[in-house]
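[1] let's see this in three dimensions:
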Amino acid sequence: MTPISSHAAPAPRPKAGRASGTGLRYRAGVASRTVAAIGGGYLLASLGTQVLALALPMKPIDNVVTATLSGLALYPCAVMWSFAAASATRAWLGLAGSCTLLTLALLALGALGGQA
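    Numbering: from 1, shown residues only. Here you go, the predicted structure:
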């Protein structure tokens, strides 16, 4: 008969890398998404606010208030997009594409003589 040991076998250590969240590539991706969320989200919200302020068919003060409140809702959506995208590259591309479209809309509204 063999004696039963009271010592349990040590648990296997997780491998370093993406699964454990300690890899350099993983951390760089999170840092890139964070910069995209903060900077790109702010730019997107700012451009969206400007476009709405010029495009809405109300009194100028109502346009500004409505556009500002919409911009406050747009910023968290951009932040969530940055972390929900499949990769940091897609997060940057999505924000850059949206900002490009809003910039073109802003230039078009400026050329047409917006209200606000």
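[2] contacts only, for S87.
    G29 (Cβ atoms under 8 Å, 6 or more residues apart in numbering). Just so you know, the C-beta spots here come from the backbone N, C-alpha and C atoms, and that holds for glycine as well.
[3] next up, phi/psi of it, please.
    Phi and psi for S87, reported as degrees, to the nearest 10, are phi -150, psi 170.
[4] what's the spacing between it and Y26?
    Counting by Cβ to Cβ, to the nearest Å, the gap between S87 and Y26 amounts to 12 Å.
[5] and what of L47?
    Distance of L47 to Y26, computed by Cβ to Cβ: 31 Å.
[6] how about T68?
    Distance of T68 to Y26, computed by Cβ to Cβ: 37 Å.
[7] low-confidence ranges, this protein, go.
    Applying pLDDT under 70 to the chain flags the ranges 1-9, 11-21, 114-116.
[8] what ranges does it have for its helices?
    Along the chain, the segments classed as helices by DSSP state H run 24-35, 41-55, 60-84, 88-112.
[9] what residues does T66 make contact with?
    Contact analysis of T66 by Cβ under 8 Å, 6+ apart lists L52, L56, M58.
[10] want to throw the residues you listed into JSON lines with distance to Y42 and neighbour count?
    Shown next, in JSON lines, are the contacts of T66 (distance: Cβ to Cβ, whole Å; neighbours: other Cβ atoms under 10 Å):
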{"residue": "L52", "distance to Y42": "16", "neighbour count": "22"}
{"residue": "L56", "distance to Y42": "21", "neighbour count": "18"}
{"residue": "M58", "distance to Y42": "25", "neighbour count": "13"}
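[11] so what's A85 closest to, chain neighbours aside?
    Among residues not flanking A85 along the chain, A91 sits closest, at 3.9 Å (Cβ to Cβ, 6 or more residues apart in numbering).
[12] report the contact partners of the one you found.
    Here A91 is in contact with S32, R33, A36, A37, G40, W81, S82, F83, A85 (Cβ under 8 Å, 6+ apart).
[13] and the furthest pair within those residues?
    S32 and W81 (13.7 Å; Cβ to Cβ).
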